[in-house]
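Visitor: 3D, please:
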Amino acid sequence: MPGDRKRIHFIAVGGSVMHNLAIALKRVGNHVSGSDDEIFEPARSALKANGLLPDEEGWFPEKITPDIDEVILGMHAQVDNPELLKAQELGIPIRSFPEFIFERSRDKQRIVIAGSHGKTTITAIIIHVLNYLNRKFDYVIGARVKGLDLTVRLSDAPIIVIEGDEYLSSRLDPVPKFIRYRHHIGLISGVAWDHANVFPTEEDYVRQFDTFCDQTPKGGILLYCEQDPMAVMIGKKERTDVTAIGYKSLPHVVEKGVAYLTYEKERYPLKIFGSHNYLNLGGARELLRRIGVTYEQFYQAITSFEGASGRLEVVASKNSMSVIRDFAHAPSKVRASVKAVRDLHPDRELVACLELHTYSSLSKSYLPQYKHALRNAQQKLVYFDPRTVEAKRLEPLSESDIRDAFGSESVRVFTSRDELERYLSEQSWRNKDLLLMSSGTFGGLSVDQLVPNLKD
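Guide: Predicted structure coming up:
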């Protein structure tokens, strides 16, 4: 992007992709500023290290001046945001970050990975393999991956690999992010209803993926998971001059807690595990093949892939116990993660602890989607903060609501972080695994402080 330096202001700069994009744009010479009313870690430290942390939190319309070339608007900002109103008054171009990414990648081959689950890991695998092979490419991903300084890179590379989220782009642009990228090669890993606050019915939600696939251009490629019924239904639909390719789970074995891919009589040890990850690997392998990566190159590269941050991440392992952190929060993700840990260590007791944190997961009408999601765990723990329910203006939840929705009377419900921490610390962890699943923080529970207190 040299020679394209601009003055760019971010409204809601603390977002996971927003702060990485702000840093990336500053590093190539743009004058970047930003505001937000809440900035959490790791965004706070990253912005501070790059001289982009606002002096104070809040919205300041006086920051919006006529010399700003464009404003990038995050989903966190409301339509009555004072900085947004000032930018509109001054006639400054306003884009959501997916619109901005598209504008900066118009001349690139755009590869977009979509799906209710697996999209982060598939994107991370593709990025890892291309880096391993020293290929020139750009990327946008929603989680940190070892070896990457930022989760966004924009350069003069000929291709860009994008994690395509189905959530809305911004309050002014209520269209799923993956629609805005206008892919040449698209992949859908699976479709399971989520984000009930913006897609109130399953039909509404599924329609977004159908639109994404219909958007595949003539001569384009669409990959879909053959082991996901909804992905098959959408992916196999006839589309003129579009090459549709199904993919499956890669052959594998698990021995003594280590997973191996098998290919042409060879075994390739993995640092990731779980049946859903063998599917993710299958999708990544088939997509990479379409951009010139051979199977042999894929298998050579994949043994060093350590996974995306917070995706079945082993944060502690000692003697006969492990603590594993996972971003899982939607029902399909929870089921897959619980099964993955259970299959890895079938001889250990599994304690699965899930935080209900999102609008969907805390909604009484959506909760039944979690039925039997924790079935494969010996201990089933569910945490939620009643204040979060109140803040989202949802109907209060009771312990019986949770047990009924999960279809198990053995579910233990916690509404206090301290009580949850105390319960976990008082157990004996000999021959047990602890799986912590959340897109939040369990009310500020520090895993680093918890682990030393777990007795094995």
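Visitor: Please count neighbours and contacts with C-alpha atoms only from this point.
Guide: OK.
Visitor: Look up how far Gly58 lies from the residue lying farthest from the centre of the chain.
Guide: Distance to the chain centre peaks in the chain at Pro66, reaching 35.7 Å (criterion: C-alpha atoms, centre = their mean). Counting by C-alpha to C-alpha, to the nearest Å, the gap from Pro66 to Gly58 is 20 Å.
Visitor: Next: Ser96.
Guide: Distance of Ser96 to Gly58, given as C-alpha to C-alpha: 19 Å.
Visitor: okay, the two: which has more neighbours?
Guide: Taking other C-alpha atoms under 10 Å, Ser96 and Gly58 do not tie; Ser96 has more neighbours (24 against 13).
Visitor: Got phi/psi on the more buried one?
Guide: Taking degrees, to the nearest 10, you get phi -80, psi 160 for the backbone angles of Ser96.
Visitor: Kindly report the same for Gly246.
Guide: When read as degrees, to the nearest 10, the backbone of Gly246 gives phi -90, psi 150.
Visitor: what sits against it?
Guide: The contact partners of Gly246, taken as C-alpha atoms under 8 Å, 6 or more residues apart in numbering, are 223-226, 232, 235.
Visitor: you'd agree Leu281 is in a helix?
Guide: Yes: counting by DSSP: H, G, I helix; E, B strand; the rest coil, Leu281 is part of a helix.
Visitor: which other residues reach stretch 132-139?
Guide: 127, 130, 151-155, 157-162, 297, 301.
Visitor: Show me the shaky parts of the stretch 101-250 of the chain.
Guide: Within the stretch 101-250 of the chain, no stretch falls below the threshold (pLDDT under 70).
Visitor: would you list every one of the strands in it?
Guide: For the stretch 101-250 of the chain, the strands defined by DSSP state E, counting those that start in this stretch cover 109-114, 138-140, 152-153, 159-163, 185-188, 221-225, 243-247.
Visitor: hmm, which of the contacts of stretch 132-139 are the buried ones?
Guide: For the contacts of stretch 132-139, a burial check counting by 16 or more other C-alpha atoms under 10 Å picks out 127, 130, 151-155, 157, 159-162, 297, 301.
Visitor: any idea which of those residues is the one closest to Glu83?
Guide: When the buried ones among the contacts of stretch 132-139 are ranked by distance to Glu83 (C-alpha to C-alpha), Val152 comes first, at 24.7 Å.
Visitor: Look up how far Gly257 lies from the closest residue in space to the closest one that isn't next to it in sequence.
Guide: Leaving aside its sequence neighbours, Val152 sits nearest to Val140 (C-alpha to C-alpha, 6 or more residues apart in numbering; 4.6 Å). Separation of Val140 from Gly257 (C-alpha to C-alpha): 32 Å.
Visitor: higher neighbour count, the two?
Guide: Each of Val140 and Gly257 has its neighbours counted (other C-alpha under 10 Å); Val140 has more, 24 against 11.
Visitor: thinking that one is in contact with Arg153, fair?
Guide: Yes: contact criterion C-alpha atoms under 8 Å: Val140 and Arg153 qualify, at 6.7 Å.
Visitor: Distance from the host helix or strand of Ala284 to the middle of the chain?
Guide: Ala284 is part of helix 275-289 when elements are defined by DSSP states H and E. Taking C-alpha atoms, centre = their mean, to the nearest Å, the mean C-alpha location of helix 275-289 is offset from the chain mean by 16 Å.
Visitor: Equivalent analysis for stretch 66-81, please.
Guide: Its chain's average C-alpha position is 24 Å from that of stretch 66-81, according to C-alpha atoms, centre = their mean.
Visitor: if you average pLDDT over stretch 44-58, what comes out?
Guide: Over the span of stretch 44-58, the pLDDT mean works out to 96.
Visitor: can you list contacts of it?
Guide: Under the contact criterion C-alpha under 8 Å, 6+ apart, stretch 44-58 has outside partners 14, 19, 23, 32-39.
Visitor: Go through the residues you listed and single out the one with the most neighbours.
Guide: Counting neighbours by other C-alpha under 10 Å, Gly14 comes out on top of the contacts of stretch 44-58 with 28 neighbours.
Visitor: For the residue nearest to it when sequence neighbours are not counted, which residues are in contact?
Guide: Once flanking residues are discounted, Gly14 sits nearest to Ile39: 5.0 Å by C-alpha to C-alpha, 6+ apart. Applying C-alpha under 8 Å, 6+ apart, we find Ile39 in contact with 14-15, 57.
Visitor: likewise Ser275?
Guide: So Ser275 contacts 249, 336, 339-340 (C-alpha under 8 Å, 6+ apart).
Visitor: ok, those vs Leu168, which is closest?
Guide: Leu168 has its nearest neighbour among these in Ala336, at 25.1 Å by C-alpha to C-alpha.
Visitor: can you tell me the helix or strand for the closest one?
Guide: Assessed by DSSP H and E, Ala336 sits inside helix 331-344.
Visitor: Return the distance of that helix from the chain's centre.
Guide: For helix 331-344, the distance to the chain centre is 16 Å (C-alpha atoms, centre = their mean).
Visitor: next one: stretch 17-30
Guide: With C-alpha atoms, centre = their mean, you get 20 Å for stretch 17-30.
Visitor: Can you list the buried residues in it?
Guide: By neighbour count with 16+ other C-alpha under 10 Å, stretch 17-30 contains the buried residues 17-26, 30.
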